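Q: Requesting a structural model of the entry that follows:
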Amino acid sequence: MKLKVLEDNNTFIDEYYLGEPGVSYYIEDGVEKILFDTGYSSVILEENASKMNIDLNKINKLVMSHDHDEHTGG
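A: Residues are numbered from 1 along each chain as shown. As a prediction, the model looks like this:
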């Protein structure tokens, strides 16, 4: 299993990822490619995914934990 933090309020400065008050995780387990929450902004989500070489078009499951904007806005 592979888990990557696509968005949260922290960032790795040496990797130049963007952060904001939101949360989104990419989980890969075999053929499953899961997006857990979509974060606060689609711009941050898409830019960080691109920098991590994650193709969001290949996501085959989407999990929404709850409906606050910082989890579902992106």
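Q: And the closest residue to residue 41 other than its chain neighbours, how close does it get to residue 59?
A: Excluding the flanking residues, the one nearest residue 41 by C-beta to C-beta, 6 or more residues apart in numbering is residue 74, at 5.5 Å. Yep, even glycine has a C-beta here, placed from its N, CA and C like the rest. Separation of residue 74 from residue 59 (C-beta to C-beta, to the nearest Å): 12 Å.
Q: Which strand or helix spans the residue lying closest to residue 36 once chain neighbours are set aside?
A: Residue nearest to residue 36 in three dimensions, not counting chain neighbours: residue 25, with 4.2 Å by C-beta to C-beta, 6+ apart. Element membership for residue 25, per DSSP states H and E: strand 24-29.
Q: List the strands paired with that strand, with their directions.
A: According to DSSP bridges, strand 24-29 forms sheet pairs with strand 2-7 (antiparallel), strand 32-36 (antiparallel).
Q: For the longest one, list every residue counted as buried.
A: When neighbours are counted by 16 or more other C-beta atoms under 10 Å, the buried residues of strand 2-7 are found to be 5-7.
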